[in-house]
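> task: produce atomic coordinates for the following.
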Amino acid sequence: MDVKFGVHTGLQNTSISELQQLWQRIEALGFDWISIWDHFYAADNTGNPHCLEAVASHAALAAATTRVRCGSLVYSAGYRHPAVLANTMATLDQLAAGRITFGMGAGWLRNEYDVYGMHYGSSGERLRMLEESIQCVRGLLTQERTTFDGRHFTLRDAQCEPKPVQERLPIWIGGGGEKVTLRIAAQHADGWNVPFIPPDLWARKAGVLDAHCERLGRDPSTITKSVNVGMAFSEEELVRQFGPMSDAVRPSVFRGSTQQMVDHAAAFAGAGAEYVIVAVRAPFDVDGLERFAAEVMPAVRKA
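Okay, the predicted model is just below:
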């Protein structure tokens, strides 16, 4: 199967030094993608504040690697003005020599908004902010000057220079909301990612995305489709990584024997996933990633 594999590295309970060693090992193992998330607190609803900042970590990822795509899953539209995001991504793409993929989302971890006094709003409000933000970022990254009038953001003859190395830096939308999020992806994005759902549900949502594309007159094959899936060779490893979220993510996680993991990954690839991304959190199971790269990835690609 023509599928790429990646690793999504959580930024909680770790250090840049540990991550850089991990990223270099992941790249050496033959993965095609490494990404970071955008949180100020640990993404597990525990209230743990130990979490590295996303932009600085994204830069460290770009500097520590030479081949992999350096992604983000995903920057919250509510945390930074789109002009800040556009200039950041343009500079990061210079640092990464054209390897940045920029994932955007509406945000979901309310505790982060509340403790820092940021407006959380309704899901509809956050999605409208996301849709405005992606249009602003796209304009700034691709046009000489951009003017935009929205409810949340306004640009007046705005510029972003220098531009990214890539002529069209890929922008992905993260999330699985079928009415709005997938429509935004169909209308504006180069790629789509959704985390922690099983293959049958992923396939259904991919079909909804394709239907949105068809209604908008867009070729669905122009959107890169991907999934984030946890990996745990034991129940203890699952709980150690995901804590109180373990029950929610369990149906989607790579678990069990090597063959079970191969079948699980092949189900995503067979449904149209172009990237299967293994989501890991500290304490990182490096031995598990090495086993996955040696036993699972080659078997799926031969299928």
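> avg pLDDT for stretch 88-108?
Average pLDDT, stretch 88-108: 98.
> make 742 the first number, not 1, from now on.
Let's use 742 as the start, then, which means that last one is stretch 829-849.
> just the CA atoms of that stretch, as PDB, please.
Only the C-alpha atoms of stretch 829-849 are listed here, as PDB (Å, rounded to 0.1, in the frame of the first residue of the first chain):
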ATOM      1  CA  THR A 829       5.800  32.100  12.000                       C
ATOM      2  CA  MET A 830       5.100  29.400   9.400                       C
ATOM      3  CA  ALA A 831       7.000  31.300   6.700                       C
ATOM      4  CA  THR A 832      10.000  31.600   8.900                       C
ATOM      5  CA  LEU A 833       9.800  28.000  10.000                       C
ATOM      6  CA  ASP A 834       9.700  26.800   6.400                       C
ATOM      7  CA  GLN A 835      13.000  28.700   5.900                       C
ATOM      8  CA  LEU A 836      14.400  26.900   8.900                       C
ATOM      9  CA  ALA A 837      13.100  23.500   7.700                       C
ATOM     10  CA  ALA A 838      14.200  24.100   4.000                       C
ATOM     11  CA  GLY A 839      10.600  23.600   2.800                       C
ATOM     12  CA  ARG A 840       9.400  20.800   5.100                       C
ATOM     13  CA  ILE A 841       6.700  22.500   7.100                       C
ATOM     14  CA  THR A 842       3.000  21.400   7.100                       C
ATOM     15  CA  PHE A 843       0.800  23.700   9.000                       C
ATOM     16  CA  GLY A 844      -2.200  22.100  10.800                       C
ATOM     17  CA  MET A 845      -5.000  24.300  12.200                       C
ATOM     18  CA  GLY A 846      -7.900  23.600  14.500                       C
ATOM     19  CA  ALA A 847     -10.700  25.300  16.400                       C
ATOM     20  CA  GLY A 848      -9.300  24.400  19.900                       C
ATOM     21  CA  TRP A 849     -11.000  22.100  22.500                       C
END
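> that one: which residues count as buried?
829-834, 836-837, 840-848 (16 or more other C-beta atoms under 10 Å). (Glycine included, C-beta is placed from N, CA and C.)
> just stretch 994-1008 next, same as before
V994, F995, R996, M1002, V1003, D1004, H1005, A1006, A1007, A1008.
> and the residue nearest the centre of the chain, how far from V1021?
The structure's the chain has its C-alpha centroid closest to L814; by C-alpha atoms, centre = their mean the separation is 2.1 Å. Taking C-beta to C-beta, to the nearest Å as the measure, L814 falls 12 Å from V1021.
> overlap of the contact sets of these two?
H749 (C-beta atoms under 8 Å, 6 or more residues apart in numbering).
> of the buried residues of stretch 994-1008, just say which sits nearest to P911.
Closest to P911 out of these is A1006 (22.3 Å), distances taken as C-beta to C-beta.
> can you get me a residue count around the spatially closest residue to D779 that is not a sequence neighbour?
Leaving aside its sequence neighbours, D779 sits nearest to A795 (C-beta to C-beta, 6 or more residues apart in numbering; 4.0 Å). Neighbour count of A795, defined by other C-beta atoms under 10 Å: 21.
> so A795 touches S776, yeah?
No: here A795 lies out of contact with S776, judged by C-beta atoms under 8 Å, at a distance of 10.2 Å.
> and for the two, which residues touch both?
S813.
> for the record, mean pLDDT for the longest helix belonging to the chain?
Identified as the longest helix of the chain according to DSSP state H is helix 864-883. The predicted model assigns helix 864-883 a mean pLDDT of 98.
> I'd like the distance between A804 and W764.
For A804, the distance to W764 - C-beta to C-beta - is 10 Å.
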